[in-house]
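Asker: Generate coordinates for the sequence data below:
(2 chains)
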Amino acid sequence: MNHFGPVKIRASKVHKYFASTPFTPGVNALEEISLEVHEGEFAALIGPSGCGKSTFLYIVAGFEKATGGEVLLDGKRITRPGPDRGIVFQEYVLFPWLTVEQNITFGLEVQKKSKQECAGRCRDLLEVTGLTGFERSYPHMLSGGMQQRVAIARALAYGPEVLLMDEPFGALDAQTKRRMIEDFVRLWESFRKTVVFVTHSVEEALALADTIFLFSFRPSRIKQVFPIDLDRPREIGHPGFVQLQKEILDSLDEEVEKMMRLEHAGS
Amino acid sequence: MVRFLFPIFVVLVCWEAVSRLEWANPILLPPPTRIAAHTLNLLSPQEVGGVGFFLERHVAISFFRIMVGYLIAASTCTILGLLMGVNKRTYDFFNPIITLIMPIPSLAWVPVVILWLGLGNKTIIFVTMIASIFPVIYNSAAGVRSMTIKHIWAAQTMGAGRLTIFLKVLLPGAMPYIIAGHKLALGRAWRALVATEMVVATGYGLGYLIFEARTFMDTETMYGGIAMIALLGLLIEKVAFGRLERLTIEKWGMSRSL
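Answerer: Numbers count the residues shown, from 1 in each chain, chains lettered A, B, ... in the order given. Below is the predicted model:
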């Protein structure tokens, strides 16, 4: 259907059960998640909060282990975190003790790249993310949007195959968020890396993704897959956009409804 | 600076008045000005009742003992604490042992340590070391656990191994707690030091000075010795730790400066 490369990430029947702790009962987070993301594809995972989409992302990242099924990256089973992936969190998770420049080059230095390569790569990334002039600043001096730009640059710096993003714009105010999405679309179009992007905003997913995977409420499955064949940059008011938005929102609302009912019964 | 000194100044003025007006026995509570003058005199060699009171030497020896004891504890126990914060097996092994030993006052060890190491520097240093251990371990471990796991995840994703994560993520990330732990450790070390010096009378050290002066009812020397302890503590807190904090956690925005 689309112009993507071969399968990059293949998840088959991924199941995740969180055992009970003294503070929380056991939870069946993921029932059975199977999906494929191709090389160069921008995939968004969307679903009601608590549906396990972040958990799934963490399994792809290698932070969490699936209790069933497996995830393959380039045909190899994912068992641990590694530099073939880049991660961006909602809370930025920069290293506050390092400058912007040192944060960005952390991965390159860990992988023993030369000083020149670090500096050059850093300069390019500062440029494309609009951070030039801030290289010696510490993260706490920057706004949330700027910190997230650093986090994106840090995740791209060492050239991962896949970029994993966990609600990266979720903590930003509305204007900053819109601007970040615009900038990120432009940035992504320049490198076209495989991206797996978790969000609960349909608008965000529609603005960015080639494919939207809708997670059901937990124990979750992939409820629906929406291929988005709109040209970028996408306009929020565009008829095709609005129609898809309505379709996805309706489907999502059913799941949110289930979540509300369950929480109501619980309390 | 003025904000810091003003309350102290008020207390000293009241003390001076109470003593000068003889509301309190000026031998038991000499006025601060006289204590200060006397302490300055102690800086030059003289004989008092056959005992040489050379303040500099007492200070230097006490300082040497506390630094050796504290630094041994600080270097090893920071590492142990960080490991306990990140590794469950290390935590499970050391936590019961530490929990059991921690409530024992450092001074309770003195008689035993005297038997092991004799009446001398080694015993005093050993006791200051014991006193320093616990706040360093507990705070380093707590510092690691206060960090979000996502910092470690981010580093792992970028290809960092265990040693890199330990040195470049855990150590700086736990820094606010580590510094607080080291301050507490030095405070405890001072207390243990002075008390041990009183028991293990080696002829030198501020604890020894204070205790010996009592024999001659030389209260001015006693107060002078106490004041030296306070001043040295203050100096370490403000100069050494103050500088360290400005260069690390305040610069990194991990701690507010007041």
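
Asker: Just give the nearest non-adjacent residue to the residue of chain A found nearest chain B, would you?
Answerer: Chain A approaches chain B most closely through A:His140 (2.7 Å), counting by C-beta to the nearest C-beta. Glycine gets a C-beta too; all of them are placed from N, C-alpha and C. Nearest residue to A:His140, sequence neighbours excluded (C-beta to C-beta, 6 or more residues apart in numbering or on different chains): B:Gly253, at 2.7 Å.

Asker: Tell me, how many residues neighbour A:Arg232?
Answerer: 13 (other C-beta atoms under 10 Å in any protein chain shown).

Asker: And it, its phi and psi?
Answerer: Here is the backbone geometry of A:Arg232 (degrees, to the nearest 10): phi -100, psi 150.

Asker: Next up, the contacts around it.
Answerer: A:Val185, A:Glu189 (C-beta atoms under 8 Å, 6 or more residues apart in numbering or on different chains).

Asker: From A:Glu203, how far off is it?
Answerer: Noted for A:Arg232: a distance of 14 Å to A:Glu203, by C-beta to C-beta, to the nearest Å.

Asker: Could you tell me which residues make contact with residue 29?
Answerer: Just so you know, I chose chain A. A:Lys16, A:Tyr17, A:Phe18, A:Gly52, A:Thr55, A:Arg218, A:Pro219, A:Ser220.

Asker: that's the wrong chain, I meant chain B
Answerer: Taking C-beta under 8 Å, 6+ apart, we find B:Leu29 in contact with B:Trp15, B:Val18, B:Ser19, B:Thr219.

Asker: likewise B:Ala195?
Answerer: Neighbour list for B:Ala195: B:Ser106, B:Leu107, B:Val110, B:Gly207 [criterion: C-beta under 8 Å, 6+ apart].

Asker: From these, which land in helices?
Answerer: Among the contacts of B:Ala195, the ones falling in helices (DSSP state H) are B:Val110, B:Gly207.

Asker: between the contacts of B:Ala195, which is closest to chain A?
Answerer: Nearest to chain A among the contacts of B:Ala195: B:Ser106, at 33.0 Å, using C-beta to the nearest C-beta.

Asker: Tell me how many other residues crowd the closest one.
Answerer: By other C-beta under 10 Å, the residues close to B:Ser106 number 23.

Asker: cool, B:Val68 as well?
Answerer: Residue neighbour count, defined by other C-beta under 10 Å, stands at 17 for B:Val68.

Asker: Next up, the contacts around the most centrally placed residue in chain A.
Answerer: Residue closest to the average C-alpha location in chain A (C-alpha atoms, centre = their mean): A:Met165, at 2.1 Å. For A:Met165, the contact set (C-beta under 8 Å, 6+ apart) comprises A:Ile87, A:Val88, A:Val195, A:Val196, A:Phe197, A:Val198.

Asker: and the residue in the stretch 151-258 of chain B positioned nearest to chain A, helix, strand or coil?
Answerer: Going by C-beta to the nearest C-beta, chain A is nearest to B:Gly253 of the stretch 151-258 of chain B, at 2.7 Å. Recorded secondary structure, B:Gly253: coil (DSSP: H, G, I helix; E, B strand; the rest coil).

Asker: The host helix or strand of B:Val136 near chain A at all?
Answerer: Per DSSP states H and E: B:Val136 is located in helix B:121-146. No. Judged by C-beta under 8 Å from any C-beta of the partner chain, helix B:121-146 and chain A are separated, with a smallest distance of 12.5 Å.

Asker: Many thanks, have a good one.
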